[in-house]
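Novice: predicted model, plus sequence, below.
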Amino acid sequence: MKNNSNIEIINWEQARKSVKAAEPELADIIDNWHVRHPFIRVRYNYGDKVLKGGILHLTDKDGISYPIHSAAIPEEIQKQLSYSNMPLGIITAGSNEVFSETGERVIPLAFFKPGVIMGLWESLEENASYFPKQIWDVSAGARSIFMLPSISQRVPHEQLKKHYGVKRSAPNTIYDHHSVFRQIIQNQHFKQEWVHEILFLGEDWLIPNNQDIGWLRFYNFLSKKAWKLSGHSRNKITFDRIWLLFSQELETKGIKANSQLIIILKQIFAIAMGAAPGFRPIVKTDIAAPAAALQKIYLNTYGLKNYIPTIMALDYFSPYQNNEPIYYSLQVQTQIEPIYKFKNTLSETRAIKTLLEYFVEFALEGRLKVADTLMEWIVKDVQFDFYHPDTERHDDIHNSKYLPSRDKALIEVRGAKRGRKFSHASPLAKGCVQIRMK
């Protein structure tokens, strides 16, 4: 692995441009610091595991993935990156998703894009850590990704097997889309290049030196980043107390609420606060995945009929940056708690909407003690619209076919000819909440 361009030790001069573009403040700190430890630059292909079962993996130029303690990894790199199960690393290209996969679903925890520093909590944690290291995996690119129209037809799928070496059978659920997408993207005939790059900081960067102003600035920068990232988690008990107040207010009004629907409502609010990722169509950028090339393949090789090949992946609601809507789907639940199996999706969508309206009412009346918090801002300025494909035009739950009128990104697909329809009866749209600014 000596001449491996995917796993290599580089100096500050080689790393500076990428760090400056991804995280200018950190670049300035290092520029003004006499210490210049090396970085370990690692590149991953789409779908590769960065972390698997809590163990860091590195991918070589031939696409082979090795755990950090493999004999194939040079001892110097092993030494530099073994101080934490997830060492500090700056994302400079592509993205990754932190998730846990069970037999029936994928539970996403976070989605990281260029500029994010990974491994902050793990690397700054004391040795006696509260953190269970084996629960979460990290994939290069989006793991929670799917196409809205059905792509499960066997005969068209055979064309993907023939032209792109796909070995997986046609997907049964949207959780299976990722595996098929990965095999297409990693095939030699796939034309669009996609790479996920992380610049890891070795253990030398974390050797304390309280006499060095450069070290103190560096450590203060990391601490501020970790503090900001932990905001929602640090206040979880307080948020839980708010939801307990909400349940008590419902009881006072004589309203018997389904506790599992309240869990779903909590997740909707977490997405609105930016504390949890929601779903958004991939347009104009391929940070999550090389979506444009995938869409072209499904139009031309698979032969998708009638529908626009909208691809959804994780993202965050960023009201201060733009007003792009984001979605929570009742059919693709993302909360950590067990999924709720709906008996009647439409009626229970109405029930969640009613609960949300009560929450807003109680919050604005001061009953939930959310004054001067992000929660108060949400109930005042964020719009929650509910959609389902089986409703009438003037129903309190909007028909899903009208979703594109509020979000053009759902139908902005490069290469799709006119006449194609939005897949309004897809799992995402069959009971979903659109979150946007009022």
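Specialist: Looks like it came in fine.
Novice: need the helices for the stretch 1-150 of the chain, in chain order.
Specialist: Assigned by DSSP state H, counting those that start in this stretch, the stretch 1-150 of the chain shows helices spanning 12-22, 24-31, 75-81, 120-124.
Novice: CA atoms only for the first one - export them in CSV, please.
Specialist: Listed next in CSV are the C-alpha coordinates belonging to helix 12-22 (Å, rounded to 0.1, in the frame of the first residue of the first chain):
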residue,chain,number,x,y,z
TRP,A,12,0.1,21.2,5.7
GLU,A,13,1.1,22.7,2.4
GLN,A,14,-0.7,19.8,0.6
ALA,A,15,-3.8,20.0,2.9
ARG,A,16,-4.1,23.7,3.3
LYS,A,17,-6.2,24.5,0.2
SER,A,18,-8.8,21.8,1.0
VAL,A,19,-9.0,22.8,4.7
LYS,A,20,-9.3,26.5,3.8
ALA,A,21,-12.2,25.8,1.5
ALA,A,22,-14.0,23.5,4.0
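Novice: ok so, going back, and the helices of the stretch 1-150 of the chain: which comes nearest Ile184?
Specialist: helix 12-22 (27.9 Å; C-beta to C-beta). All C-beta spots, glycine's among them, are computed from the backbone N, C-alpha and C.
Novice: could you list the buried residues of the closest one?
Specialist: 12, 15-16, 18-20, 22 (16 or more other C-beta atoms under 10 Å).
Novice: point out where this structure drops to low pLDDT.
Specialist: The chain contains residues with pLDDT under 70 at 1-3, 126-133, 319-322, 393-394, 415.
Novice: give me the beta-bridge partners of the most centrally placed residue in it?
Specialist: Central residue of the chain (C-alpha atoms, centre = their mean): Phe111, 2.8 Å from the mean position. Note on Phe111: beta-bridge partners by DSSP bridges are Glu97.
Novice: isn't it right up against Pro277?
Specialist: Yes. Look at Phe111 against Pro277 with C-beta atoms under 8 Å: they come within range, at 4.7 Å.
Novice: overlap in contacts of those two?
Specialist: 144, 314-316 (C-beta atoms under 8 Å, 6 or more residues apart in numbering).
Novice: quick one: His69 from Lys369, how far?
Specialist: According to C-beta to C-beta, to the nearest Å, His69 and Lys369 sit 49 Å apart.
Novice: correction: Met437
Specialist: Taken as C-beta to C-beta, the span from Met437 to Lys369 is 24 Å.
Novice: equivalent analysis for Leu216, please.
Specialist: Applying C-beta to C-beta, the value for Leu216 to Lys369 is 38 Å.
Novice: max-length helix in the chain?
Specialist: Ranked by residue count, the top helix of the chain under DSSP state H comes out as helix 345-364.
Novice: list the contacts of the helix or strand containing Gln183.
Specialist: Following DSSP states H and E, one finds Gln183 within helix 177-185. The contact list for helix 177-185 (C-beta under 8 Å, 6+ apart) reads 45-47, 142-147, 151, 160, 164-168, 170-171, 190, 194, 289-290, 293-294, 297.
Novice: report the buried members of the residues you listed.
Specialist: Neighbour counting over those (16+ other C-beta under 10 Å) leaves 45-47, 142-147, 151, 160, 164, 166, 168, 170-171, 190, 194, 289-290, 293-294, 297 as the buried ones.
Novice: for the stretch 101-250 of the chain, what spans make up the strands?
Specialist: Along the stretch 101-250 of the chain, counting by DSSP state E, counting those that start in this stretch, strands occupy 106-112, 117-118, 137-140, 145-147, 196-201.
Novice: just the CA trace of the longest one, in CSV.
Specialist: It stands for strand 106-112. What follows is strand 106-112, C-alpha atoms only, in CSV (Å, rounded to 0.1, in the frame of the first residue of the first chain):
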residue,chain,number,x,y,z
VAL,A,106,-32.4,2.0,8.5
ILE,A,107,-32.2,4.6,11.4
PRO,A,108,-30.3,7.7,10.4
LEU,A,109,-28.6,9.7,13.1
ALA,A,110,-26.8,12.4,11.1
PHE,A,111,-25.8,13.5,7.6
PHE,A,112,-22.4,15.3,7.3
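Novice: for that strand, packing partners?
Specialist: Contacts defined by 3 or more C-beta pairs under 8 Å, 6 or more residues apart in numbering; DSSP states H and E place strand 106-112 against strand 96-101, strand 311-315.
Novice: okay, those strands, which one's buried deepest?
Specialist: Highest mean neighbour count among the helices and strands packed on strand 106-112 (mean count of other C-beta atoms under 10 Å): strand 311-315, with a mean of 24.
Novice: tell me the gap between that one and the middle of its chain.
Specialist: Its chain's average C-alpha position is 8 Å from that of strand 311-315, according to C-alpha atoms, centre = their mean, to the nearest Å.
Novice: any idea which helix or strand carries the closest residue to Ala270 other than its chain neighbours?
Specialist: Closest residue to Ala270 apart from its sequence neighbours, by C-beta to C-beta, 6 or more residues apart in numbering: Ala276 at 3.9 Å. Remark: Ala276 resides in no helix or strand, with elements defined by DSSP H and E.
Novice: try the one 10 residues further on
Specialist: Here Asp286 sits in a region with no helix or strand, counting by DSSP H and E.
Novice: distance of it from Leu199?
Specialist: Applying C-beta to C-beta to Asp286 and Leu199 gives a distance of 20 Å.
Novice: so which of the two has more stuff around it?
Specialist: Using other C-beta atoms under 10 Å, the more surrounded residue of Asp286 and Leu199 is Leu199, with 22 against 19.
Novice: against Gly103, how distant is that one?
Specialist: From Leu199 to Gly103 the distance is 35 Å (C-beta to C-beta).
Novice: what's the answer for Gln434, then?
Specialist: 30 Å.
Novice: among the two, which residue is more densely surrounded?
Specialist: Between Gln434 and Gly103, Gln434 has the larger neighbour count (other C-beta under 10 Å), namely 21 against 4.
Novice: so what pairs up with that one in the strands?
Specialist: Tyr327, Asp385.
Novice: so it touches Asp385, yeah?
Specialist: Yes. Here Gln434 reaches Asp385: they are 4.5 Å apart, a contact under C-beta under 8 Å.
Novice: what do these two both touch?
Specialist: Common neighbours of Gln434 and Asp385, counting by C-beta under 8 Å, 6+ apart, are Arg406.
Novice: run through the residues that contact Tyr219.
Specialist: Counting by C-beta under 8 Å, 6+ apart, the residues that Tyr219 touches are Pro208.
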